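> Need a 3D model of the sequence below.
(one chain, ligands or ions: 1)
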Amino acid sequence: MYILGINAYHADASACIYHNDQLIAAAEEERFRRIKHWAGFPTIAIEFCLKEAGISISDVDYIGISRDPKANLGKKVFTALKNRLSLSNMLNRAKNLKKAASIEEEILNHFKINKSDLKAQIINVEHHRSHLASAFFASDFEEAAILSIDGFGDYSSTMIATGKVNKITVLDTVSYPHSAGVFYTTFTQYLGFPHYGDEYKIMGLAPYGEAKYVEQLRDVLIFKDNGLFELNLDYFNHPKKGVQMVWEGGVPNMDSLYTQHLVDKFGPLRDKDEPLSQYHKDLAASVQRITEELIFHILNHLQKKTGLKNICIAGGVAQNSVANGKILANTTFEKLYIPPAGHDAGTCLGAALWIYNQVLDKPRLPITNHGYLGSQFSNEEIIEVLEKQNIEYKKLEGEALFNHVSDCLINSGVVGWFQGRAEFGPRALGHRSIIADPRRIDAKEILNAKIKRRESFRPFAPSILKEYVSEYFEMVDDVPFMEKVFPIKKEKHAAIPAVTHADGTGRLQTVDKAVEPKYYGLIEAFRQKTGVPILLNTSFNENEPIVNTPEEALACYLRTKMDMLVMGDIVVSRV
Ligand SMILES: [Fe+2]
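Have a look, this model is predicted:
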């Protein structure tokens, strides 16, 4: 039995495929199309999944779409009438709904087949139910409370639920126009970061400020006694204008969400090229703080309500790794699972898992403990790419490779590390990574000068051998997907300055030898020479989606000042 999961007409369009109880492949469309957060119908990702499974679309038994146009239809019409939404806005929405409803047509047209050739049953799984399923059904919890929290999907922004064995029961939702994601995005825009997905910049900026404006923000984001929340709509224009998400051409783009009232209360907007003042930093810190408080507020109520000790989280707001790192210390939950793709791309997995568990009533699958589900290339394929461009290379394997690369890193080299299957999810986890020596005080400057050219306030992340977490961090937990930020022990700040953020924290990836032996081997070689079991790890890209193919990795290497490129066992170097 084959289940194809799809996230379409939503940011981070993606596809995955299951064969019986095996997850064969998963990929985001942006990696193929080379447009960040690409948001149309993910035909290339679907074709990739089918190819990995060795089947055609006609062999698929179920297609799960993480979107249900019929969900909350009554509420949608009611709100549109209540708020006298403009005709163009309503037409826009109707067009989106129609697109989502015509998935079958889209598939028949793309694959040029007749309806009789498509045996798959198409099942719409509501957006937040897909998020919930992507977290709980991928965890190893027999029973857990579940939270999905984001901007909007199928008219909801937040959903709380419980999961027991292979069933999820929804307890409550927060519906349009109230949304914690919209709250965060509004202030992201207000602080001069207008692009879709810029929220993580506010999270990176927050440690440079003091959370002085939390009380003022309590008038904007209102915590309710039932453990949920609402927005003070005076500050937001989406209830009147609707959330204008444009995806034509594939790039999601969002209209400004703040009102004049917000500007009156919080001062003039920051222009994107304006220097960041202390006020901007303090406001970023305050937005981050109240968001953390909101998450704890929701979770503590949810824990009390359910009596459960395990919690699974997904959705855009659950990508807030700083908040995630504080959950166990600030709530009564004891164990936390966040999937490798907790954001919208992960809903393709959720839709497939919903069908597998909830609809077909199959026994639970093993935990998803890695996100290496994308494209892969052999040494031969890599060599072919290099030879076509007359690039010199050498082949090194095992310890010889680890020694060579770790020497380069120790000599302040920046290395492109391209290995095995591409990661599914927003983080590079040692398969499409750029790596550097975390001990260098100037590593951030070197990386920004040589490759990244990104805002200087944004931190770089540490990949650490699993066994050494307690030596370097205040907290010990598995963090395989860089989904949590933990405080770094004070006495270690000076040892790893390149991955210690302004507030003494690090967004770590714990590297497990059993899951990722090659990356583990490299870090171990570095540890043997330096005593430090950590590498600086940032995504392999330069203002573009993470590289997917050897051609893209080579192009990135050639147009930047990266010192070495390692693809599989093939080494290209400038010296
Ligand atoms: Fe979402």
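> Could you find the closest non-adjacent residue to the residue nearest to the spatial centre of the chain?
Nearest residue to the geometric centre of the chain (C-alpha atoms, centre = their mean): Pro426, 3.9 Å. Closest residue in space to Pro426, ignoring its immediate chain neighbours: His343 at 6.1 Å, by C-beta to C-beta, 6 or more residues apart in numbering. C-betas here are computed from N, CA, C, even on glycine.
> Assign the residue in the chain positioned nearest to the ion to helix, strand or coil.
Closest residue of the chain to the ion, C-beta to the ion: Asp150 (3.7 Å). Here Asp150 is recorded as strand under DSSP: H, G, I helix; E, B strand; the rest coil.
> Contacts only, for it.
With contacts defined as C-beta atoms under 8 Å, 6 or more residues apart in numbering, the neighbours of Asp150 are 128, 131, 157-158, 179-181, 315-318, 343-344.
> For these, which single residue is the most surrounded?
His131 (36 neighbours; other C-beta atoms under 10 Å).
> Now do that residue against Pro426, distance only.
15 Å (C-beta to C-beta, to the nearest Å).
> repeat for Glu126
From Glu126 over to Pro426 (counting by C-beta to C-beta), the distance is 23 Å.
> Helices of the stretch 351-500 of the chain, start to end?
379-388, 398-410, 443-447, 469-472 (DSSP state H, counting those that start in this stretch).
> and the third one, which residues are buried?
To tie it back to what came earlier, the one meant is helix 443-447. Within helix 443-447, the residues scored as buried using 16 or more other C-beta atoms under 10 Å are 443-444, 446-447.
> Same question for stretch 134-150.
Those would be 134-139, 141, 144-150, for stretch 134-150 by 16+ other C-beta under 10 Å.
> Quick one: mean pLDDT over that stretch.
For stretch 134-150, mean pLDDT is 97.
> The residue nearest to Pro426 reaches Ile313, doesn't it?
No - applying C-beta atoms under 8 Å, one finds His343 not in contact with Ile313, separated by 11.5 Å.
> Please list the residues of the chain that sit near the ion.
Proximity of the chain to the ion, by C-beta under 5 Å from the ion, involves residues 150, 153, 344.
> ok, of the residues you listed, which one's closest to Leu373?
For the residues of the chain next to the ion, the residue nearest Leu373 by C-beta to C-beta is Asp344; the value is 16.2 Å.
> check contacts around Ile46.
4, 6, 15, 57, 110.
> What separation do you get for the residue of the chain closest to the ion and Ala314?
Relative to Ala314, Asp150 is positioned 8 Å away (C-beta to C-beta).
> how many neighbours does the residue nearest to Leu217 when sequence neighbours are not counted have?
Spatial nearest neighbour of Leu217, excluding adjacent residues (C-beta to C-beta, 6+ apart): Ile290 at 4.8 Å. A count of nearby residues for Ile290, using other C-beta under 10 Å, gives 25.
> do the same with Arg34
Count around Arg34 with other C-beta under 10 Å applied: 14.
> before we move on, the earlier item: narrow the contacts of Asp150 to those in strands?
Among the contacts of Asp150, the ones falling in strands (DSSP state E) are 157-158.
> ok, of the buried residues of stretch 134-150, which one's closest to Leu409?
Relative to Leu409, and with distances defined as C-beta to C-beta, the nearest of these is Ala138, at 33.1 Å.
> That closest one: what secondary structure?
coil.
> again, but for Gln216
helix.
> thought it was touching Lys265?
Yes - taking contacts as C-beta under 8 Å, Gln216 lies within contact range of Lys265: 7.3 Å.
> burial measure for Pro275, as a count.
Going by other C-beta under 10 Å, the residues that sit close to Pro275 add up to 8.
> hang on, it in a helix?
No - using three-state DSSP, the assignment for Pro275 is coil, not a helix.
> give the contact list for it.
Contacts of Pro275 by C-beta under 8 Å, 6+ apart: none found.
> Report the separation between it and Glu445.
Applying C-beta to C-beta to Pro275 and Glu445 gives a distance of 19 Å.
> next one: Ser130
Taken as C-beta to C-beta, the span from Ser130 to Glu445 is 41 Å.
> same question, Ile44
From Ile44 to Glu445 the distance is 37 Å (C-beta to C-beta).
> Next: Thr43.
41 Å.
> same check, this time on Ala161
45 Å.
> Also Thr158?
40 Å.
> next one: Glu483
27 Å.
> rewinding a little: would you list the phi and psi of the residue nearest to the centre of the chain?
The phi and psi values for Pro426, taken as degrees, to the nearest 10, are phi -80, psi -10.
> so what pLDDT did it get?
pLDDT at Pro426 comes out at 92.
> Once you drop chain neighbours, what's closest to Glu392?
Using C-beta to C-beta, 6+ apart, the closest residue to Glu392 is Val572 (7.1 Å).
> Okay, and the beta partners of that neighbour?
Beta-bridge pairing for Val572 (DSSP bridges): Leu565.
> who's in contact with it?
So Val572 contacts 386, 391-393, 554, 557, 564-566 (C-beta under 8 Å, 6+ apart).
> do the same with Leu23
Leu23 touches 16-17, 349, 365, 368, 373, counting by C-beta under 8 Å, 6+ apart.
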